[in-house]
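> What would the 3D arrangement of this be:
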Amino acid sequence: MAKVLFAQPNMGWQWDALTEACGVNKVALVAANRCREAEDRINSLAPEVVVCALNFPDGDWRRMLQMAKEAKTPANVIVVSQHEDVPLYVTAMESGAYDFATLQTSTNDLSWILRSAIDNAEKSRAAKRAEAISSA
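Numbers count the residues shown, from 1 in each chain. Okay, here's the model as predicted:
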């Protein structure tokens, strides 16, 4: 079963669209509220996707993106903003985010984004495994 890490600083806050999108896509949803906790979960659980807020007490979305890229098993990152922000969207995408969403993103759209990110991660991981086998 695919895993999605929802990294956001306020554990009392739940994004209903993400919960529903994970249910639609039949994926496990785990949470972290600090970058350090997210790093531990990225390394121990190897989620296919990290959905992250912009800011944390110990870092921001850039740090989350770096951790997900540098993990033993890299994950795709979807950056989430409370509001539409085109310059931030461009910066996030140029920095290597898989996608960008806002709290206003519909459940249907988020389900599609999530499924695409999971499929991409699974294909990338399969290609790396095949490459490692062929070079061994």
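> where does the protein dip in pLDDT?
Applying pLDDT under 70 to the chain flags the ranges 11-14.
> ok, which stretches of it are helices?
16-24, 35-45, 61-70, 86-94, 107-135 (DSSP state H).
> From the centre of the chain outward, give me the first residue you hit.
V50 (1.8 Å; CA atoms, centre = their mean).
> Can you tell me who that one pairs with across the strands?
L5, V77 (DSSP bridges).
> ok, now which ones touch it?
V50 makes contacts with V4, L5, A7, A38, I42, M64, A68, A75, N76, V77, I78, as judged by CB atoms under 8 Å, 6 or more residues apart in numbering. Just so you know, the C-beta spots here come from the backbone N, C-alpha and C atoms, and that holds for glycine as well.
> The fourth one is in contact with V51, isn't it?
Okay, so that is A38. No: counting by CB atoms under 8 Å, A38 sits too far from V51 to count as a contact (10.6 Å).
> nearest to A121, of the contacts of V50?
N76 (5.0 Å; CB to CB).
> about what we covered before: okay if I get the helices of the chain as TSV plus mean neighbour count and distance to A101?
Compiled in TSV, the helices of the chain are given as follows (neighbours: other CB atoms under 10 Å; distance: least, CB to CB, whole Å):
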stretch	mean neighbour count	distance to A101
helix 16-24	17	9
helix 35-45	18	17
helix 61-70	20	12
helix 86-94	13	10
helix 107-135	14	6
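> Which of these sits closest to F100?
Taking the helices of the chain one by one with CB to CB, helix 86-94 is closest: 4.6 Å.
> Could you name the helices and strands sitting against the closest one?
strand 76-81, strand 99-102 (3 or more CB pairs under 8 Å, 6 or more residues apart in numbering; DSSP states H and E).
> Distance from the first one to the middle of the chain?
So that's strand 76-81. When distances are taken as CA atoms, centre = their mean, to the nearest Å, strand 76-81 is centred 6 Å away from the chain's centroid.
> go on, the shortest one?
Averaged C-alpha coordinates place strand 99-102 at 10 Å from its chain's average position (CA atoms, centre = their mean).
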